[in-house]
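# Below are the sequence and a predicted model; questions follow.
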Amino acid sequence: NAADLVGIYKQVLEAAPRVRLAELNVQIGEAREQQVIADLLPQLNITSSISTVRQDLEGNNPLVSGRNDRDSFKGERYSAVLSQPLFDLPKYHNWQRQKKITKQTKHDQLESQQQIILDVAQFYFKVLLAHDNFSVAENEKIVTERILQQLEALYDKQLVKITDVMEAKARKDMAIAGLLEAKTALVVAKEQLTELTGVPVEQLSPLRDDLKFEPIEGNVDKWLETLVANNPTLLSKKDGIQVDSSGVEQQKAGHFPVIDFQLSVQRTDLGFNNSTTGLTHITSASVNLNMPLFTSGKTTALHAEAVHRLEATKLQYETEFRKLRRELISNLTEINFSVEKIRAASVALTSAKKNYSAMKKGFKYGVVDLSDIFGAQRILSQAKRDLFQSKYQYIFNRTNLMHLGGTISWGEIELINQWLNPI
């Protein structure tokens, strides 16, 4: 089960619940917007009833009234009522508020989409980093075992001291422990990726060895402008400010009158207190005014709450901006530093290989001791780890920067996928 970055991303899009959840949140917002729009549009209600009425007459003299003490009859009532708000500021501002909430859910959906792209890239290369570190640890174990075998053969011929053999055994045990640690890190990294894809991925396309890493274009000011303009988290926070601003206007409008128009048509053969009458048709048109005069301070308190909520949302925006600004500057600085670090680590690896090769020859001819060969091996392994770490850290910082700038997209996945060797 082999895959490259594009293949993993497609698997995640099919399997990740976050994708569908973000879509549902947008659909919920749009449905709620339709609900509040409906509050501003005409409403038509039709009712009908068929009833049986029994009347008990007290103090009735049948001889005089000609009616029995108990009377029973059936009645019908049909009505239609059409209503239309004419002036209702709370409902209007609630509509404006819900429109901005829907806009906010779309920015939240964009953030979810971009977070998935970031997670795919990060977890993919974390697996590759863990695999490369595992390969280094495995090679250390193999080399240590070979040295131990050589020393044991020389010890049988009494050409080395027992302390050298014991030291080699200790080095071997340390290499085995390091290998187990590296294997654990690899298993954890694979499980993180499996959490995204929903299915295990056994083999991933590795990073190309001939890849050239270049500094990111643009200074801090340019990237900060990109952050403010495109970062979906920040845009969602800005939408939240607009939502709460509409909330303030909505609560303030609670002091104003509400005016609506109502047209009703009724057909019934029942009169007052369900008394029987002849069949009548009633049509009425009215303009209703509802003016809140005294609410015991509730309207004022609701407005005060909305004002405080708006102030809190503005502070949340500022807090989020400062955090994202710090992360952006940190990633931008580390990216350009990583380029230089990769070059230095490449030179260090070349030197470490030459040093280890020289130490192997020297150990073979007995001109260097055991600690020298193990020291050279340790330096070589660390040089490999440093180079791997530098390369992957560049990718981590780059994808983080694109995510912070709100520019990470499918195109970034395709670009980074070209950095991989096909399996």
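Structure received.
# Next, residue 82: secondary structure please.
Secondary structure assignment for residue 82 (DSSP: H, G, I helix; E, B strand; the rest coil): strand.
# which residues does the residue nearest the centre of the chain contact?
In the chain, the centroid-proximal residue (Cα atoms, centre = their mean) is residue 112; its distance is 3.7 Å. Neighbour list for residue 112: 18-19, 21-22 [criterion: Cβ atoms under 8 Å, 6 or more residues apart in numbering]. For the C-beta atoms, the positions are set from N, CA and C on the backbone; glycine is no exception.
# right, and the helix or strand after the helix or strand it falls within?
Residue 112 is part of helix 89-156, with elements assigned from DSSP states H and E. Sequence-wise, the next helix or strand downstream of helix 89-156 (DSSP H and E) is helix 162-197.
# sorry, back to before: need the max-distance pair from the contacts of residue 112.
Using Cβ to Cβ, the pair of the contacts of residue 112 lying farthest apart is 19 and 21, separated by 7.2 Å.
# which of these two has more neighbours?
Of the pair residue 19 and residue 21, residue 19 is the one with more neighbours under other Cβ atoms under 10 Å, namely 16 against 11.
# So the more buried one is in contact with residue 13, correct?
Yes. Using Cβ atoms under 8 Å as the test, residue 19 is close enough to residue 13 to be in contact (6.0 Å).
# shared neighbours, the two?
By Cβ under 8 Å, 6+ apart, the residues touching both residue 19 and residue 13 are residue 116.
# how far away is the residue nearest to the centre of the chain from residue 163?
In this view, residue 112 and residue 163 are 61 Å apart by Cβ to Cβ, to the nearest Å.
# Check residue 191 too.
For residue 191, the distance to residue 163 (Cβ to Cβ) stands at 42 Å.
# So between these two, which is more surrounded?
Each of residue 191 and residue 163 has its neighbours counted (other Cβ under 10 Å); residue 191 has more, 12 against 9.
# Can you tell me how far that one is from residue 385?
As for residue 191, its distance to residue 385 is 22 Å (criterion: Cβ to Cβ).
# count of neighbours near residue 405?
Residue 405 has 23 nearby residues by other Cβ under 10 Å.
# quick one on the thing from earlier: now, which of the contacts of residue 112 lie within helices?
18-19, 21-22 (DSSP state H).
# Which one of the residues you listed is nearest to residue 6?
When these are compared against residue 6 (criterion: Cβ to Cβ), the nearest one is residue 19, at 16.4 Å.
# which residues sit in contact with the closest one?
13, 112-113, 116.
# show me where the stretch 251-400 of the chain has strands.
Here the stretch 251-400 of the chain has its strands, by DSSP state E, counting those that start in this stretch, at 258-270, 276-290.
# Only alpha carbons, please: show the shortest one as CSV.
Once side chains and other backbone atoms are set aside, the C-alpha atoms of strand 258-270 remain, and they are given as CSV (Å, rounded to 0.1, in the frame of the first residue of the first chain):
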residue,chain,number,x,y,z
VAL,A,258,-42.7,47.4,15.8
ILE,A,259,-45.3,47.9,13.1
ASP,A,260,-47.0,45.2,11.0
PHE,A,261,-49.9,44.9,8.6
GLN,A,262,-52.6,42.2,9.0
LEU,A,263,-55.4,41.1,6.7
SER,A,264,-57.9,38.5,7.9
VAL,A,265,-60.8,36.8,6.3
GLN,A,266,-63.3,34.7,8.3
ARG,A,267,-66.4,32.7,7.5
THR,A,268,-68.4,31.3,10.5
ASP,A,269,-71.8,30.5,11.8
LEU,A,270,-70.8,31.0,15.4
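# Quick one: mean pLDDT for stretch 185-193?
The average pLDDT within stretch 185-193 is 94.
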